[in-house]
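Engineer: Provide a 3D model corresponding to the input given below.
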Amino acid sequence: MNMPPYRYLCTIPVIESPPAPNKTATELAKAEEARELARASAHGWDLINGLDGACLYYMSGWWSYSFCYGHDVVQFHALPASVKSGPPMRDPNTAEYVLGRVPDPKATSRSSRRSQARSTNDDGQTAPPNTELQVKGDQRYLVQKMGDGTICDLTGRERTIEIQYHCSPGSTQDRIGWIKEVTTCTYLMVVNTPRLCVDTAFQPPKEERANIISCRAIVSEAEQASWHAQKTLEAQSAMVGQAKGEANAPITVGGVVIGGRQMLGKGEDGKEAHKLSPPRNFRSSNIAPLIEVVAQGASREEGSKVDILTDEELAKLDLSPEMIEDLKKELQKLAGDRGWKLEVVETPGDPREIRGIVDTDEDDEVGDEQDSEEAGSEENFFKEEL
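Structural biologist: Below is the predicted model of the structure:
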């Protein structure tokens, strides 16, 4: 091989060509593969059944998800405070949606009995209904399909979800990899688990490395001294550069770069995890907004008393005490002798807002009935997004 300024002598490995296909051998291989898939499916569900009684959680933007094996998958909005102390807990003032649930084992319909009969393996162990083993290239994984979810307002049909269980050799616990809405009200969820890695049938294929081609430069006797001197300098330069790179390299623990400001929980194929937006009908009239009064002042007739949350209470609401103080002074000027209040409003599907409200003046000439109806009426003076 010519690569100026030198010529090279290369050795190419000899690779044996695959044998000619044999029809009988191919049929036998297919039969053996079918038996192996049946065995792997039965053993795989036996391993996955170890999740019985366990619940996995996943958060993506506004939505949180709970998957309790053998029961259902639920989509809900979590209380912000619950995320810091443990598993996300549903906000009781917002709606929840069941994406799919396991059929009732006590069902006696013909289709249910047929499905359960198909799910029983040769060892008498019963796999969950609506399950199968799928093969994608050299990768094998288990699939469980669930229906009977909350009715979709766009299609008029039940929500459905497909759950894929993949072997995850590098992990030590079960976790939800990602969830996305593939079509309207139809979802796909990937669960990465080390349980399936016990069976080699589910382990990811080993990386095949290319065969190495070895080349050596052809150097004349007169150029050997200069060639060796040049290679020595190149080797020393490479060692110095490597030492500097190791000194400046970031610290990595468990595959995570310390101080790298990298978000964990990547989605499919290394991409960002999918974030599902709230449904179009989420702002329902029966879901009341969350209102938190942060400061309020009484009218002059009632003593002009001012109540305001402490700095610690404002910090829990992620509010700046300086900003609240400025808004309070501005609202006091607008209110004059009237009562006023500052409140934080959180409406599902909308950004959080802070509102300034001033009590309206009562008309002294109206009757007693109108006074009683209009007493305490309010007027919004400003509204800002937080």
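Engineer: from here on, just use CA atoms for contacts and neighbour counts.
Structural biologist: Noted.
Engineer: Ile212 falls within a helix, correct?
Structural biologist: No: counting by DSSP: H, G, I helix; E, B strand; the rest coil, Ile212 is located in no helix; its state is coil.
Engineer: quick one: contacts for it?
Structural biologist: The contact partners of Ile212, taken as Cα atoms under 8 Å, 6 or more residues apart in numbering, are 12-13.
Engineer: how about 10 Å then?
Structural biologist: By Cα atoms under 10 Å, 6 or more residues apart in numbering, the contact list for Ile212 reads 11-13.
Engineer: mind giving me a markdown table with the residues you listed and columns for distance to Asp153 and pLDDT?
Structural biologist: Listed next are the contacts of Ile212 as a markdown table, based on distance: Cα to Cα, whole Å; pLDDT from 0 to 100:
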| residue | distance to Asp153 | pLDDT |
| --- | --- | --- |
| Thr11 | 67 | 87 |
| Ile12 | 64 | 86 |
| Pro13 | 63 | 85 |
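Engineer: show me where the stretch 1-150 of the chain has its strands.
Structural biologist: When assigned using DSSP state E, counting those that start in this stretch, the strands of the stretch 1-150 of the chain occupy the ranges 2-3, 6-11, 55-60, 63-68, 72-76, 97-101, 131-136, 139-146.
Engineer: just put the contacts of Ile212 in JSON lines and tack on neighbour count and distance to Ser60.
Structural biologist: Conversion of the contacts of Ile212 to JSON lines gives the following (neighbours: other Cα atoms under 10 Å; distance: Cα to Cα, whole Å):
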{"residue": "Thr11", "neighbour count": "11", "distance to Ser60": "53"}
{"residue": "Ile12", "neighbour count": "10", "distance to Ser60": "51"}
{"residue": "Pro13", "neighbour count": "10", "distance to Ser60": "50"}
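Engineer: for those residues, give me a markdown table that also has distance to Glu302.
Structural biologist: Output for the contacts of Ile212, formatted as a markdown table (distance: Cα to Cα, whole Å):
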| residue | distance to Glu302 |
| --- | --- |
| Thr11 | 98 |
| Ile12 | 96 |
| Pro13 | 96 |
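Engineer: what's the closest of the strands of the stretch 1-150 of the chain to Val344?
Structural biologist: Among the strands of the stretch 1-150 of the chain, strand 63-68 comes nearest to Val344, with 21.2 Å by Cα to Cα.
Engineer: can you tell me which helices and strands the closest one packs against?
Structural biologist: Under the contact criterion of 3 or more Cα pairs under 10 Å, 6 or more residues apart in numbering; DSSP states H and E, strand 63-68 touches strand 55-60, strand 72-76, strand 97-101, strand 175-183.
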